[in-house]
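>>> with the sequence up front, the predicted model follows.
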Amino acid sequence: MQVRCKICENKNNIFFQKYKGSFLNITDLRKCKKCGVVYAFPYPNSAEVEKYYKDGSYFSFVSNQNKKSLKISQKIINQSRINFISSKVSFKKIFKVLDIGSGNANFGLELKKNFSHVTYDIVEPDQSIFKENSNLITNFYLNINEIVNEKYDLIILNFVVEHLIDPASYISKTKELLNEGGFIYIEIPNSEYEYKNSYTPHLFFWNLDSFKFFLNSKNFHIIFANTFGMDFENAKKYFNAGKEINKYSI
């Protein structure tokens with residue numbers, strides 16, 4: 001079938017497997033034989049995806065962001081993220097941070113505890129996040145297109161890219177928001193088709209090699225890229241128990 005890859009535009013792709021879960025009219029996954037990305041098919045249009053997130057359907061799949069146990073686990077995870085970023089980047093050079101898809105802004109909370117000089121902005125469709133964290137957040141945006149005349153030293157994308165209707169354009173736009181010499185930190189699921197029974201509502205599926213291909217195609221200089229977490233067999237058991245883990249970080 002002559003379907004263009006949504007990342008590299010190549011037409012050489014194959015049926016990969018059935019889509020696990022139920023999201024819009026998607027039935028299959030296809031794999032590009034050039035860049036290696038796996039993506040949903042038939043591919044939804046932007047209006048369908050936007051409606052899905054606006055009408056609240058997505059939030060039936062995620063935990064209550066104010067749940068105490070979730071905040072405790074996020075605190076540990078975000079402390080780990082900040083420690084990792086600090087091992088690669090000097091925060092003496094980081095003054096403005098943008099957190100895209102911030103959720104409850106827990107990353108910003110831990111960031112400000114460690115580096116009080118940093119300005120923390122977020123892109124987040126849930127407006128209540130800003131109201132509950134107005135002392136923490138300097139600027140709040142519903143989407144990145146609202147950002148005008150702002151540049152950042154560090155941009156965070158934690159489990160966002162796999163949801164995007166057009167990751168290639170979005171990551172290019174995000175790159176434009178960086179100060180010269182700035183950094184982007186990205187986390188996404190690693191080959192989740194190997195261990196999940198459902199991956200609703202994800203549209204894109206990478207492994208380490210295909211994601212590095214993607215970033216290189218956008219002329220990023222990769223400081224560090226690797227996988228973290230359980231092996232796939234243990235991840236299967238973990239997810240089958242209704243829990244979530246296994247990611248890789250860029």
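Nice, thanks for sending it over. Residues are numbered from 1 along each chain as shown.

>>> and residue 155, how close does it get to residue 176?
Distance, residue 155 to residue 176, using Cβ to Cβ, to the nearest Å: 11 Å. In short, each C-beta sits where N, CA and C put it, glycine included.

>>> with neighbour numbers in mind, choose between the two.
residue 155 (22 against 10; other Cβ atoms under 10 Å).

>>> beta partners for that one?
Note on residue 155: beta-bridge partners by DSSP bridges are residue 98, residue 184.

>>> for it, what are its contacts?
Residues in contact with residue 155 (Cβ atoms under 8 Å, 6 or more residues apart in numbering) are 97-100, 174, 177-178, 182-185.

>>> distance from the chain centre to the lengthiest helix in the chain, please.
Using DSSP state H, we find that the single longest helix of the chain is helix 68-88. Distance, stretch centre to chain centre, for helix 68-88: 16 Å (Cα atoms, centre = their mean, to the nearest Å).

>>> and the contacts of it?
So helix 68-88 is contacted by 63-64, 91, 103-104, 106-107, 109-111, 114, 154, 158, 183, 185, 187, 223-224, 249 (Cβ under 8 Å, 6+ apart).

>>> and what of stretch 4-24?
Outside stretch 4-24, the residues that touch it by Cβ under 8 Å, 6+ apart are 1-3, 26-35, 37-41, 43-44, 48-49, 52, 166-168, 193, 196-202, 204, 213-214, 217.

>>> please, which helix or strand holds residue 134?
Residue 134 belongs to no helix or strand when assigned by DSSP states H and E.

>>> how about residue 234?
helix 232-240.

>>> so how far is that helix off the chain centroid?
Helix 232-240 sits 21 Å away from the centroid of its parent chain (Cα atoms, centre = their mean).

>>> check which residues of that helix are buried.
By neighbour count with 16 or more other Cβ atoms under 10 Å, helix 232-240 contains the buried residues 235-236, 238-239.

>>> just how off-centre is stretch 173-185 within its chain?
Mean-position distance between stretch 173-185 and its chain equals 15 Å (Cα atoms, centre = their mean).

>>> same check on stretch 9-19?
Stretch 9-19 has its C-alpha centroid displaced from the chain centroid by 22 Å (Cα atoms, centre = their mean).

>>> using PDB, list the CA coordinates for that stretch.
What follows is stretch 9-19, C-alpha atoms only, in PDB (Å, rounded to 0.1, in the frame of the first residue of the first chain):
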ATOM      1  CA  GLU A   9       7.800  10.700   3.900                       C
ATOM      2  CA  ASN A  10       9.100   7.500   2.500                       C
ATOM      3  CA  LYS A  11       6.400   5.200   0.800                       C
ATOM      4  CA  ASN A  12       8.300   2.000   1.500                       C
ATOM      5  CA  ASN A  13       6.300   0.700   4.600                       C
ATOM      6  CA  ILE A  14       4.700  -2.600   5.600                       C
ATOM      7  CA  PHE A  15       1.900  -3.900   7.800                       C
ATOM      8  CA  PHE A  16       3.500  -4.400  11.300                       C
ATOM      9  CA  GLN A  17       0.700  -5.700  13.500                       C
ATOM     10  CA  LYS A  18      -2.900  -4.900  14.700                       C
ATOM     11  CA  TYR A  19      -3.400  -1.900  16.800                       C
END
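
>>> buried residues in it, which are they?
Burial within stretch 9-19, assessed by neighbour count using 16+ other Cβ under 10 Å, is assigned to 13, 16, 19.
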